[in-house]
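J.: Can you look at this prediction? I've put the sequence above it.
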Amino acid sequence: MGQTGCPEGAGVDSENDRYAGTQATLGTVGPARRSVDARESVAANIAWWDADAGDYLAEHGAFLGDADFLWCPEGLRERDLGLLGDVAGKDIVEVGCGSAPCARWLVTQGARVAAFDLSGGMLKHAAHANDVTGITPLLVRANAERLPFGTERFDIACSAFGAVPFVADVRPVFREVARVLRPGGRWVFAVTHPIRWIFPDDPGPDGLRVITSYFDRTPYVEVDAEGRPTYVEHHRTLGDYVRALTGSGFVLEDMIEPEWPEEHTREWGQWSPLRGELFPGTAIFCCRKKA
């Protein structure tokens with residue numbers, strides 16, 4: 001997976017919160033209910049993921065693997081799903097690669113891969129993993145809203161929770177992905193299922209209570225003492241995603257809502273067997289650029 005690990009926020013109020021160290025580093029004092037523009041979103045997410053990269057990978061790195069393509073906390077992997085099709089000999093860009101295990105797996109399957117992320121901290125871990133494994137996709141620091149790649153450069157674009165949830169407006173990202181894809185190119189990305197935003201960010205029984213409107217697009221924001229955002233994640237409805245995709249030149253071919261595997265007992269942030277049995281935690285959009 002890419003960057004995310006704390007959809008709908010980092011849980012400021014929990015005494016045993018995994019994110020306490022990162023919040024202390026950034027001076028986070030709590031959540032704030034307000035809009036956040038593109039500039040603030042970029043600044044907050046660079047700061048957050050640079051500060052949290054080590055702790056994130058300490059918790060999830062073994063599950064993610066060094067060269068494996070995990071689509072979601074439900075444990076679905078590209079080797080089993082084949083959502084990207086035959087990748088051998090294809091030019092692929094990974095959007096929001098984090099430590100880049102997905103990109104390295106794609107290289108092992110014969111793809112030529114460029115992987116980018118906004119966070120220099122995450123890319124340092126990605127570069128180290130490249131050195132350790134000897135699997136070396138191209139790593140680039142970039143903003144998903146302004147890609148440093150030529151037009152019609154890639155056959156496939158993919159993202160497992162990278163970049164898309166963290167931008168103020170997803171339309172520039174989709175337009176950029178469409179620009180760098182060749183006609184007929186595939187774009188597959190996974191995000192937190194929008195229905196999760198109506199519930200508290202809690203894997204237990206308290207996470208089954210509806211507390212907000214599905215139609216409230218106010219992002220989840222945490223701020224420091226001066227009111228500067230230190231963490232931002234944006235909510236969009238399923239319809240918002242569909243309109244943004246079709247308006248950017250994509251055809252939506254499928255949307256996968258993974259069911260929770262019976263044998264899967266691992267909790268990941270707000271993902272848990274309890275919640276997964278009742279409603280989806282992930283949405284995987286499978287799209288193709290119009291030829």
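T.: Structure's in. What do you need?

J.: biggest strand in the chain by residues?
T.: strand 181-192 (DSSP state E).

J.: Which secondary structure elements does that strand sit against?
T.: The contact analysis (3 or more Cβ pairs under 8 Å, 6 or more residues apart in numbering; DSSP states H and E) places strand 181-192 against strand 154-160, helix 170-180, strand 282-289. Any C-beta I mention is one placed from the backbone N, CA and C, and that applies to glycine too.

J.: That strand to helix 170-180, inter-axis angle?
T.: 140 degrees (axes from the mean of the first three to the mean of the last three Cα atoms, to 10 degrees).

J.: residues making contact with strand 181-192?
T.: 1, 4, 7-8, 71-72, 83-85, 95, 152-161, 164-165, 174, 177-178, 241, 250, 281-291 (Cβ atoms under 8 Å, 6 or more residues apart in numbering).

J.: Just the buried ones from those?
T.: 1, 4, 7-8, 71-72, 83-84, 95, 154-161, 164-165, 174, 177-178, 241, 250, 281-289 (16 or more other Cβ atoms under 10 Å).

J.: before we move on, the earlier item: mean pLDDT added to the helices and strands packed on strand 181-192, as JSON lines?
T.: Converted to JSON lines, these look like this (pLDDT from 0 to 100):
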{"stretch": "strand 154-160", "mean pLDDT": "98"}
{"stretch": "helix 170-180", "mean pLDDT": "98"}
{"stretch": "strand 282-289", "mean pLDDT": "98"}
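
J.: Run through the protein and note the low-pLDDT ranges.
T.: 1-16 (pLDDT under 70).

J.: Go through it and flag its longest helix.
T.: helix 38-64 (DSSP state H).

J.: Output the contacting helices and strands for that one.
T.: helix 20-26, helix 120-133, strand 229-233.

J.: Flag every buried residue along it.
T.: Quick answer for helix 38-64 (16+ other Cβ under 10 Å): 40-42, 44-57, 60, 64.

J.: Same question for stretch 250-269.
T.: 250, 256, 258, 260, 268, 269.

J.: and the first one, how far is that from residue 156?
T.: Summarising the geometry, the distance separating residue 250 from residue 156, computed by Cβ to Cβ, to the nearest Å, is 13 Å.

J.: Next: the second one.
T.: Counting by Cβ to Cβ, the separation of residue 256 from residue 156 is 17 Å.

J.: How about the last one?
T.: According to Cβ to Cβ, residue 269 and residue 156 sit 28 Å apart.

J.: go on, the third one?
T.: Counting by Cβ to Cβ, the separation of residue 258 from residue 156 is 20 Å.

J.: Assess the claim that residue 30 and residue 222 are in contact.
T.: Yes: between residue 30 and residue 222 there is a contact under Cβ atoms under 8 Å: 6.7 Å.
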